[in-house]
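> this one's sequence-less:
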């Protein structure tokens, strides 16, 4: 809890820094908090970087995450996000597109500010280890923000010094340069973060896990149908390091990963490598996890005046997967509510939630945890008592298998199969004896759905095989549907699903990236210019 208390204490100061600028970078000035009067002790450094774990991520988590990552990837049925489902996002979208875009530059700005302040703090008595840890956290968060920017917008401006660049018109930098910065930042983080840390804080293995993801992602960039072997080798190296050295292990069951008791304001699941650390309070605003407010299908679930998700649920494509693969029922029930499902940990006072909604969509279950009464009195309006995974060990297992597969059509590598099948075994799925890219891609989709990385996976495939990535999205069912339980069916339960006329909204080369928000183009017309190379000599560690 010490980390959490420091986080709350630092949020007030951070909120004063935000809102000071309306320009496209949303760059706050270096005020008293970062001018050399703070970040001078171990406690001040840890307090100053704590807000990087939640408030700066709020605008992304609040609406953009599910639109950018899940609706576009074909996982979500939502009346509120049809433009993202159809890959027809207008640049005038001020409700999701604009705040989502700006959110990443807020993260970058605060990371840059804190980094500069730690480096330049006057009269610092902080230990070398804590200084290194704070600097590593800043670079890790900056890299993560750029990861989301490059996968959603492609070539974007690189901001490395909020003050030095304040009066310089922003220019977009090449995609390959953004990726170079991302990997440099994560490598710096891996070299400076500790092997172990206060629960919830980043470690060197958090950075190594992200490096495994980044190298695997970048391996297909500009490769004309293959993947770069050096990047694949690096992905394998870092994934194996995390798996064998971090001391983390898979949770015994998939469902417990998304129960408040195992991943909340006071603890993190031992499978977590990086999670956003939310507080179960609505004040100060921005430290709260609003996911449940939007996706719980009934206000009686939350008991806090929200719960607006009745018209949202799983896409028809995911419903087809789960009805055609009934053996994947353990993950299915933790991800999605199907008619007649029972959830004892929600509405505990009345014997558990009984999902009786025949002829309705399948509601989302992942991260839906119930009312404060179900969670030890913790939680509030738009403030569910659960953290958000950004990277879990299970994904690193699958990354390892994919890196080993590399450019081969199949692999039967013993270690790749061991790690891949460990994820399958927990899900109650049969082991495989050989793997293809599609096997691993599908497994990763289901294992990590609604965890904020689904669209990036589509982009990863597009990097080295655009035709197959487009064909994958073209086959996704995005129509409406209703479903109900087939009475008497058990082990497996069966469902009657009625689909509306099939709807397909495939990705195209022109819609791979989101449009830049119109308001940002007005403020910075230079965003329309062709990308330029970034001068890496400007970066100073």
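Thanks, I have it. Fair warning: this is a prediction, and the values are worked out from it, not measured in the lab. Numbering: from 1, shown residues only.
> tally of neighbours for residue 496?
Here the count is done by other C-beta atoms under 10 Å, and residue 496 has 15 residues near it. All C-beta atoms are positioned from the backbone trio N, CA, C, and that covers glycine.
> So it belongs to a strand, correct?
Yes: according to DSSP: H, G, I helix; E, B strand; the rest coil, residue 496 belongs to a strand.
> so how far is residue 43 from it?
59 Å (C-beta to C-beta, to the nearest Å).
> Over to residue 448?
35 Å.
> out of the two, which sits in the more crowded spot?
Neighbours were counted for residue 448 and for residue 43 using other C-beta under 10 Å; residue 448 has more, 18 against 13.
> show me the contacts for the more buried one.
392, 394-395, 454 (C-beta atoms under 8 Å, 6 or more residues apart in numbering).
> same question, residue 396
For residue 396, the contacting residues are 209, 212-213, 239, 242-243, 273, by C-beta under 8 Å, 6+ apart.
> Name the residue closest to the centre of this protein, please.
Computing the C-alpha centroid of the chain and ranking residues by C-alpha atoms, centre = their mean puts residue 452 first, at 3.1 Å.
> Poorly predicted segments of the stretch 151-300 of the chain, please.
Judged against pLDDT under 70, the stretch 151-300 of the chain has no low-scoring part.
> My guess is residue 541 contacts residue 187. True?
No: with contact defined as C-beta atoms under 8 Å, residue 541 does not reach residue 187; the gap is 10.8 Å.
> more crowded one of these two?
When neighbours are counted by other C-beta under 10 Å, residue 541 and residue 187 differ, and residue 187 comes out ahead with 18 against 10.
> Which residues belonging to the longest helix along the chain are considered buried?
Selection of the longest helix in the chain by residue count, based on DSSP state H, yields helix 128-153. Neighbour-count burial for helix 128-153 flags 130-153 (criterion: 16 or more other C-beta atoms under 10 Å).
> cool, and stretch 173-185?
Those buried within stretch 173-185 under the rule 16+ other C-beta under 10 Å are 173-175, 177-183, 185.
> wait, which of these is closest to residue 114?
Nearest to residue 114 among those: residue 185, at 13.6 Å, using C-beta to C-beta.
> contacting residues around the closest residue in space to that closest one that isn't next to it in sequence?
By the measure of C-beta to C-beta, 6 or more residues apart in numbering, the closest residue to residue 185 outside its immediate chain neighbours is residue 143, 3.5 Å from it. When contacts are counted by C-beta under 8 Å, 6+ apart, residue 143 touches 181-183, 185-186, 189, 210, 214.
> Check the residues you listed and tell me the two furthest apart.
Farthest pair in the contacts of residue 143, by C-beta to C-beta: 181 and 210, 13.4 Å.
> Could I get the full set of strands for this protein?
Secondary structure of the chain by DSSP state E: the strands cover 76-78, 272-276, 312-314, 336-337, 341-343, 353-355, 363-364, 388-392, 481-485, 495-499.
> can you map out the helices along the stretch 201-350 of the chain?
204-218, 229-245, 291-295, 299-302, 316-324, 329-335 (DSSP state H, counting those that start in this stretch).
> now the ones you listed as a markdown table including distance to residue 380 and mean neighbour count?
Output for these, formatted as a markdown table (distance: least, C-beta to C-beta, whole Å; neighbours: other C-beta atoms under 10 Å):
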| stretch | distance to residue 380 | mean neighbour count |
| --- | --- | --- |
| helix 204-218 | 29 | 26 |
| helix 229-245 | 35 | 19 |
| helix 291-295 | 10 | 23 |
| helix 299-302 | 10 | 20 |
| helix 316-324 | 30 | 19 |
| helix 329-335 | 24 | 20 |
